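Colleague: Dropping a prediction and its sequence here:
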Amino acid sequence: MSYITPIAKRKGLQLWGSPNEIFLVIAIAVLSLVIGFSNSVFFSIATPFDLLRSSLIEILFALGLLIVLVSGGIDISFPIVGIFAGYTTVVVMLHYGLDTYSLWIPLVIAAVVGALLGSVNALLIAGFGLPTLIATLGTASIFRGFLLSYVGSAYIANIPLGLDQFATADLISVETATGTLARLHVLVIPTLILAIALAWMMRRTMFGRTIFAIGGSEESARRMGMNVRWTKARIYILVGALSGIAGIIYVSLQRVADPYALAGTELGIIAAVVLGGASIMGGYGTVTGTVLGVLLINLIKDNLILLGIPGSWQRAAIGLMLLIGVVSQAISDNRRLKQAGTVTGEDKP
Amino acid sequence: MVFGTEGISKSFGGARALHDVSFTVSAGDVHCLAGENGSGKSTLIKIMSGVESADSGLILLGEEKLRALTPRDAVAKGVQVIFQDFSLIPNLSVAENIALSTNVLEKRILNDPRRNRDIAAKALDLIGVDIDLDAEVRSIPVSSKQLVAIARAMNQGVKLLFMDEATTALTRKEIDHLFGVVNGLKERGVGTVFVSHKLDEVQEIAKSITILRNGVVAAAGHMKDFDRRAISVAMTSLDVNNLGLVPAIPHDAPTVLEVDSISAPGSFKNISFSVKGGEILGITGLLGSGRSEIAEALFGVTHITSGVVRVNGTPVKLSGPRDAVKAGIGYVPQDRLTHGLFLNQSIRTNVMASAIERFLGALGFVRRKHIQETVTQWIRNLRIKTDDPGSPVTSLSGGNQQRVVLAKWLAMSPSVLILNGPTVGVDIGSKREILEIIREKALDGMAIVIVSDDIPEIVQICHRVIVIHQGETGAHFEASDISEIRLYEELSA
């Protein structure tokens, strides 16, 4: 059997799964040094704390999107699902006088609203077999229209007490050299737990493996006896619930409920997930990579000005990052396949 | 334990796919199910694996005789099919590809990588193969993928294993290894059925054979009673219809297409031939022999690195389909659905697509009236069955779609027409008419090249045939030498 090409065994525990993740860590480190040397304000404990705070919401959205991308689909309705759920939760709570200190009530309402919106996507995609881009492009507009005309279009400054208080729930606060407080929000803990739980789900449950299988080859997954439709439905419902939770936490951290918020944030999050190594063609993606991708994008976004680049270039920079992510995937894919000799031509004499 | 069928019949619409087909395989035997494309092999596999149900007849699975079974039943009773594409998941590891279907079957909620590896290691061990369990399936060679698919089947308690065209993509060495594995299956009491139209290798290992032709059993028996010639005779129907009835080419016909030792690395090398006006040249060879690539090269899709192509004596540079069209070369591709038609467009648009420049008026606008007349004429000429040229091309049957593809190229009046598998997936009636149209065009003086693995078709229509072996020109047949049996012998040589 000498002709069976030996493939290098993976070594060790694989703490950092792929070269892509190592690359992201290096990119974040190098970029930090560059920014720091051009502006020493950067070297402060406040910087990582602020970066984490500004990334938390995006990490929540990104983890949902990661699942969709791995399954071979795409979702662009998640920001509107998030704000729909967040805003509706506030409206409902205020309407029924639920102005409590409880955090669980708004979280549960938002997750349920998000899951309901997600099940509309699920019905279109898993039920009617619509292409995911078109389905979510359509629902995004419908959800937004519905939110503004039936739930409300007013800016709500007095959000329920629990949500308002949570905005300033710090895990650590340190006084910096300049006398201001550097604060790390308590949300990093639940986000970390959620990330670990999702990573576990993707690796260690049949649901997770089926998501990867569908992303690799839907037809083969079906022939292996997997329930492709039901898995897809669950993906979009789960992503809806995750987006709902992200939406209510966004409202909490902003301390206002603005139905026009989050519009247009999908580009940056898609860029982050793709940069984190998730394949736009499906079948690949890791939680670690996704988190690193969000951190890198936010590091760039937050510090363009420190680097002397006008803020108006922000969207262009994000677009560029998205393209870099996709192109680097294509290049590494090609190289990998060429090494294995499975690029066309191999079977020919 | 005996598996097989008893008097199975099946029709699709009015077309008979199988009629009174019986065959049996004993546990631990290797059987060969042979037949040309369209002889009913795939329908039989589909019935045995529960994908289609038979109109009449019984399925034998050991003690049981069943009228019909579901795909799930089939797996539960030990029937497994390994298709040519293996149905593996490219981004998952070898271990998961083998073990996940077991997990699904056991309705597991959790996925235990260590258990997956154990299951996979055991399955690979059963067939005596060693493949890295952690390798991503897309990175392993085709031969290993096949072994992974076999291991997965073992894991699901396979008793009867169908292998569809199992040896087509393998090298000789890999085939020997596969046969070693199949011998191991024999010892474990698994019945194996090789389903193939390429027989020489399977002959070495099969104990018995069933040959299908047009949906009926043409011959069956012990392998040792059949030689290659006997199999070829049984596979090909020798009725009068299939004798070559090719009109002679005028002696003074000019040479239209000249191909002078063209090569494309990895696909074919030093291919030379010429075709006169009015002549139909057949190019045949096995899947992967390079026949398709030669056709594509003549249309500028595959790039040639050396050699010359001349049309009417003028060398042409073929760096893309545009060059080919400009030089007067038309091409009917193998896969009309993805390469030959604008599926969401009307019949009219499709017919006009490659000749559009002929219909431009003074300012570069399209002259609609002229188009209307031409399209109507082509629909009549090619007997395309439609009431409305404006209706989408997808509303037509396979045979009529193929005529639209033909019309599209004929409308530009090429000097050379290359057809790659012109009647794949077309019903018998349409096939005859399409061949008739091709013949008419040749009589008009067009030079025609047909690339196909449909031997009866080649025999019916070609003046000359060249056989491609592993990218090089093998045998060459002239008019009266062309016969199905000789071509089959040459193909499996």
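Modeller: Thanks, I have the structure now. Numbering: from 1, shown residues only, chains lettered A, B, ... in the order given.

Colleague: Helix or strand: which one has residue 261?
Modeller: Chain wasn't specified; assuming chain A. For A:Ala261, there is no helix or strand it lies in under DSSP states H and E.

Colleague: wait, chain B
Modeller: Assigning secondary structure by DSSP H and E places B:Ser261 in strand B:255-264.

Colleague: tell me how far that strand is from the chain's mean position?
Modeller: Centroid separation for strand B:255-264 versus its chain: 25 Å, with CA atoms, centre = their mean, to the nearest Å.

Colleague: same question, stretch A:225-241
Modeller: For stretch A:225-241, the separation from the chain centroid amounts to 18 Å (computed by CA atoms, centre = their mean).

Colleague: Just the C-alphas of it, formatted as CSV.
Modeller: What follows is stretch A:225-241, C-alpha atoms only, in CSV (Å, rounded to 0.1, in the frame of the first residue of the first chain):
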residue,chain,number,x,y,z
GLY,A,225,-28.8,9.5,6.3
MET,A,226,-28.5,13.0,7.8
ASN,A,227,-31.6,15.2,8.0
VAL,A,228,-30.4,18.1,6.0
ARG,A,229,-33.6,20.1,6.0
TRP,A,230,-34.3,19.9,9.7
THR,A,231,-30.6,20.8,10.4
LYS,A,232,-30.8,23.9,8.2
ALA,A,233,-34.0,24.9,9.9
ARG,A,234,-32.4,24.6,13.3
ILE,A,235,-29.4,26.6,12.1
TYR,A,236,-31.5,29.6,11.1
ILE,A,237,-33.7,29.5,14.3
LEU,A,238,-30.5,29.2,16.4
VAL,A,239,-28.9,32.1,14.6
GLY,A,240,-32.1,34.2,15.1
ALA,A,241,-32.1,33.5,18.8
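
Colleague: what's the next secondary structure element after the host helix or strand of A:Val108?
Modeller: Using DSSP H and E, A:Val108 sits within helix A:104-122. In the C-terminal direction, the helix or strand that comes right after helix A:104-122 (DSSP H and E) is helix A:132-146.

Colleague: Is chain B within reach of that following helix?
Modeller: No: judged by CB under 8 Å from any CB of the partner chain, helix A:132-146 stays clear of chain B, getting no closer than 15.1 Å. Glycine gets a C-beta too; all of them are placed from N, C-alpha and C.

Colleague: which of the residues in the following helix or strand past that helix are buried?
Modeller: Next along the chain after helix A:132-146, taking DSSP H and E as the criterion, comes helix A:161-166. Of all the residues in helix A:161-166, those buried under the rule 16 or more other CB atoms under 10 Å in any protein chain shown are A:162-164, A:166.

Colleague: Stretch B:305-321 now?
Modeller: Under 16+ other CB under 10 Å, the buried positions of stretch B:305-321 are B:307, B:309-312, B:316, B:318.

Colleague: could you check whether that stretch is close to chain A?
Modeller: No: remark: stretch B:305-321 sits outside contact range of chain A, by CB under 8 Å from any CB, the gap being at least 13.3 Å.

Colleague: picking up where we left off before, which one among the buried residues of stretch B:305-321 gets closest to A:Phe78?
Modeller: For the buried residues of stretch B:305-321, the minimum distance to A:Phe78 (CB to CB) is 48.2 Å, reached by B:Leu318.

Colleague: Can you classify that closest one by secondary structure?
Modeller: State at B:Leu318, reduced to three classes by DSSP: H, G, I helix; E, B strand; the rest coil: coil.

Colleague: For chain A, see how far away the residue nearest to it when sequence neighbours are not counted is.
Modeller: Using CB to CB, 6 or more residues apart in numbering or on different chains and skipping residues adjacent in sequence, the residue nearest B:Leu318 is B:Gly300, 3.9 Å away. For B:Gly300, the distance to chain A (CB to the nearest CB, to the nearest Å) stands at 17 Å.

Colleague: Surely B:Gly300 is within a strand?
Modeller: No: counting by three-state DSSP, B:Gly300 falls outside a strand, being coil.

Colleague: Hmm, it is touching B:Asp323, no?
Modeller: Yes: under the criterion of CB atoms under 8 Å, B:Gly300 makes contact with B:Asp323 at 5.2 Å.

Colleague: so where's chain A uncertain?
Modeller: Within chain A, the segments meeting pLDDT under 70 span A:1-17, A:336-349.

Colleague: quick revisit: spit out the contact partners of the residue nearest to B:Leu318.
Modeller: B:Gly300 makes contacts with B:318-324, as judged by CB atoms under 8 Å, 6 or more residues apart in numbering or on different chains.

Colleague: Much appreciated, bye for now.
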